[in-house]
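Student: my questions concern the predicted model and sequence given below.
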2 protein chains.
Amino acid sequence: MKRSLGAINFADPLPLWLVATYDKNDKPNMMAIGAGAICNMRPPCLMISLRETTYTHNIILDRRAFTVNIPSEGYWREADYVGMISGKNTNKFEDTGFTPIRSNLVDAPLIEECPVNFECKLLDKKELPSHTMFIGEILDVKVEESTFDGDKGPDVKRIKPIIFSPRWSWGSSGYYSVGVKIGEAYSQRKPPKR
Amino acid sequence: MKRSLGAINFADPLPLWLVATYDKNDKPNMMAIGAGAICNMRPPCLMISLRETTYTHNIILDRRAFTVNIPSEGYWREADYVGMISGKNTNKFEDTGFTPIRSNLVDAPLIEECPVNFECKLLDKKELPSHTMFIGEILDVKVEESTFDGDKGPDVKRIKPIIFSPRWSWGSSGYYSVGVKIGEAYSQRKPPKR
């Protein structure tokens, strides 16, 4: 039996990512997003959707660059705080103790404490009814060495990204860790038997 | 210490969602995507990015509707299979045993076995270099009753969505479950102390 919830914004799982920029005074800033995804393969691109009223919105139009940073679960409080207030009147890097690192590729800071950083130049944008979708071309991905599983590359269990599970109508949204591995991707070439 | 991976498509966590449609012969079809996200609030919209060569691509242009369905982790094999082959020459609903349910809102089937279904009408699209991004307006979300945590609504730990963790360069991509709750969203109004 299914219950109809109407037209609501609710989906699982969503990422909790931090978007970092420099404002017009070169102050580094961050915001938190759950509305982000990989959206193109060649060249690799990701998209983030922002309301026009966010401090980051006009900064991206101005600088034409941003970084996306994946915080580890140990930083969920910092990431939540970053999502709670605007950077207009405060320096969220100073507030959280996060360290902005100047990128050599784009005009935006990397967050040192995040194990994965994507350096993006603004490739395109799309105006949606309440949000602007920014499409960033990923020029480089920088990943913390200690998350590498030898030749297999970065391991999600060492990156420990945060899963955001929204409950829009009930006010009990939460953050979750990544759990156990349940299967190998691209392994089922034939219909599984039940 | 960070290692530079170059311009690659790699991000965590990504969702594993199933997009369902009817083809021109009314055959129900499904494909798997990791490139999907919420992208607009009013009205609620989600986006999915598809290559033009997928069977689903032209179907969505024709029917102007699709559903997004969240499979539970017990169905990771079915979901992986759905992502491995094209629906052009097979009926993936018959192959997997999944049940297509006719929507009363959009011209696309719901997957009964998935605990969450989004019924989307095509609102807009955006051509990207290698992919087309389809923006679907969510007309309704249907959620399995047994995933409800009383008045708090659907619980991610009962929905058990699948997390897709890609390792583009190393061929060991995997599916993961949602782990433990690590924190309450919107709880940190002041900078956390370290």
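Tutor: Happy to help now that I have it.
Student: any low-confidence regions in chain A?
Tutor: A:168-171 (pLDDT under 70).
Student: let's see the longest strand anywhere in it as CSV, backbone CA atoms only.
Tutor: Assignment by DSSP state E gives strand A:131-144 as the longest strand of chain A. The C-alpha trace of strand A:131-144 is given here as CSV (Å, rounded to 0.1, in the frame of the first residue of the first chain):
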residue,chain,number,x,y,z
HIS,A,131,16.3,28.1,-8.4
THR,A,132,19.3,28.7,-10.7
MET,A,133,21.1,25.6,-11.8
PHE,A,134,24.9,26.1,-12.3
ILE,A,135,26.7,23.6,-14.4
GLY,A,136,30.4,23.4,-13.5
GLU,A,137,33.0,21.7,-15.6
ILE,A,138,35.2,19.7,-13.3
LEU,A,139,38.8,20.7,-14.2
ASP,A,140,40.4,18.6,-11.4
VAL,A,141,39.4,16.4,-8.5
LYS,A,142,41.8,16.4,-5.6
VAL,A,143,41.5,13.5,-3.1
GLU,A,144,43.1,12.9,0.3
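Student: ok now it, how far from the chain's centre?
Tutor: What separates the centre of strand A:131-144 from the centre of its chain is 9 Å, taken as C-alpha atoms, centre = their mean, to the nearest Å.
Student: so what does it touch, helix or strand wise?
Tutor: strand A:45-51, strand A:65-70, strand A:116-127, strand B:2-4, strand B:36-40 (3 or more C-beta pairs under 8 Å, 6 or more residues apart in numbering or on different chains; DSSP states H and E). C-beta: built from backbone N, CA, C; applies to glycine.
Student: can I get those strands in TSV with distance to residue B:97 and mean neighbour count?
Tutor: Compiled in TSV, the helices and strands packed on strand A:131-144 are given as follows (distance: least, C-beta to C-beta, whole Å; neighbours: other C-beta atoms under 10 Å in any protein chain shown):
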stretch	distance to residue B:97	mean neighbour count
strand A:45-51	34	24
strand A:65-70	36	26
strand A:116-127	37	21
strand B:2-4	43	14
strand B:36-40	24	26
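Student: can you list those strands in CSV and add distance to residue B:128?
Tutor: Listed next are the helices and strands packed on strand A:131-144 as CSV, based on distance: least, C-beta to C-beta, whole Å:
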stretch, distance to residue B:128
strand A:45-51, 7
strand A:65-70, 17
strand A:116-127, 7
strand B:2-4, 24
strand B:36-40, 13
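Student: so which of these gets nearest residue A:38?
Tutor: strand A:45-51 (5.3 Å; C-beta to C-beta).
Student: each with direction, which strands does that closest one pair with?
Tutor: strand A:36-40 (antiparallel), strand A:131-144 (antiparallel) (DSSP bridges).
Student: looking at those, which one is packed in the most?
Tutor: Scoring the strands paired with strand A:45-51 by mean neighbour count under mean count of other C-beta atoms under 10 Å in any protein chain shown gives strand A:36-40 as the most buried, with a mean of 26.
Student: between strand A:116-127 and that strand, find me the angle.
Tutor: 80 degrees (axes from the mean of the first three to the mean of the last three C-alpha atoms, to 10 degrees).
Student: ok, residues contacting strand A:36-40?
Tutor: A:15, A:17, A:19, A:44-49, A:68, A:135, B:9, B:11, B:14, B:34-37, B:47, B:49, B:128-131, B:133 (C-beta atoms under 8 Å, 6 or more residues apart in numbering or on different chains).
Student: again, 7 Å this time
Tutor: The contact list for strand A:36-40 (C-beta atoms under 7 Å, 6 or more residues apart in numbering or on different chains) reads A:15, A:17, A:45-48, A:68, A:135, B:9, B:11, B:14, B:34-37, B:49, B:128-131, B:133.
Student: tell me what residue A:144 is bridged to.
Tutor: Residue A:144 forms beta bridges with residue B:2, as assigned by DSSP bridges.
Student: for residue A:178, same thing?
Tutor: With DSSP bridges as the rule, residue A:178 is bridged to residue B:178.
Student: distance of residue A:108 relative to residue A:114?
Tutor: As judged by C-beta to C-beta, to the nearest Å, residue A:108 and residue A:114 stand 13 Å apart.
Student: once you drop chain neighbours, what's closest to residue A:75?
Tutor: Excluding its sequence neighbours, the residue lying closest to residue A:75 (C-beta to C-beta, 6 or more residues apart in numbering or on different chains) is residue A:113, at 6.4 Å.
Student: can you report phi and psi for that neighbour?
Tutor: Residue A:113 adopts backbone torsions of phi -70, psi -10, taken as degrees, to the nearest 10.
Student: from residue B:73, how far off is it?
Tutor: According to C-beta to C-beta, residue A:113 stands 30 Å off from residue B:73.
Student: do the same with residue A:65
Tutor: With distances taken as C-beta to C-beta, residue A:65 is found 37 Å from residue B:73.
Student: contacting residues for residue A:91?
Tutor: residue A:27 are the contacts of residue A:91 under C-beta under 7 Å, 6+ apart.
Student: now swap in residue A:32 and tell me
Tutor: A:16, A:18, A:79, A:82-83.
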